[in-house]
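Colleague: Curious how this folds, go ahead:
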Amino acid sequence: MMISKHRLQDAERIARLTMIIILLTAGTSKLFSNHGFYQYYSDLFQTDLRITLPATLVNLYLSAVPFIEIGLGLALFSNRYRTIAIYTWFGFMLSLLFGHYVLQEWSSVNQMLGYIFLGLIVLILPAHGSWFAKPDLH
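Modeller: This is a model prediction of the structure:
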């Protein structure tokens with residue numbers, strides 16, 4: 001049985017929409033957490049870890065994370081910039097994976113792999129020319 005190109009495009013649209021929802025939800029929840037996200041992770045990175053990162057670098061990154069998530073979520077809506085947004089997704093997810101590795105949160109490191117695979121699915125599947133292209137219902 002052959003899967004039609006249109007169905008593959010529909011699958012890509014669903015996977016990309018999942019990425020968008022993940023990013024927009026995460027970014028807005030961090031922005032409205034009353035600095036809870038920032039404070040929690042800033043404190044964690046200042047504990048006795050095997051790998052120490054400069055507090056200024058960590059805090060700068062933590063301040064940028066909600067804006068990166070919202071910006072990337074919005075960028076993934078664009079079919080024109082789809083490929084660059086997907087590669088940016090990979091870079092961002094790898095940076096989060098590195099942060100969890102530094103914090104020695106091994107289960108979180110493993111869970112990040114699912115996000116990497118989600119990006120791979122979107123990368124290899126063909127995209128519709130438009131978000132409003134008629135879906136194949138057969």
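
Colleague: Would you mind measuring from the residue of the chain most remote from its centre to residue 100?
Modeller: Ranking residues of the chain by C-alpha distance from their mean position (Cα atoms, centre = their mean) puts residue 1 at the top, at 32.9 Å. Residue 1 sits 40 Å away from residue 100, going by Cβ to Cβ, to the nearest Å. Just so you know, the C-beta spots here come from the backbone N, C-alpha and C atoms, and that holds for glycine as well.

Colleague: and residue 37, what is it in contact with?
Modeller: 29, 30, 62, 65, 66 (Cβ atoms under 8 Å, 6 or more residues apart in numbering).

Colleague: scratch that, residue 58 is what I was asking about
Modeller: Residues in contact with residue 58, defined by Cβ under 8 Å, 6+ apart, are 41, 42, 45.

Colleague: what's the answer for residue 85, then?
Modeller: Residue 85 touches 72, 75, 76, 78, counting by Cβ under 8 Å, 6+ apart.

Colleague: likewise residue 74?
Modeller: Counting by Cβ under 8 Å, 6+ apart, the residues that residue 74 touches are residue 24.

Colleague: hmm, back to that, possible to save the contacts of residue 58 as CSV with distance to residue 129, pLDDT and secondary structure?
Modeller: CSV is the format used below for those (distance: Cβ to Cβ, whole Å; pLDDT from 0 to 100; DSSP: H, G, I helix; E, B strand; the rest coil):
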residue, distance to residue 129, pLDDT, secondary structure
41, 40, 96, helix
42, 43, 96, helix
45, 43, 95, helix
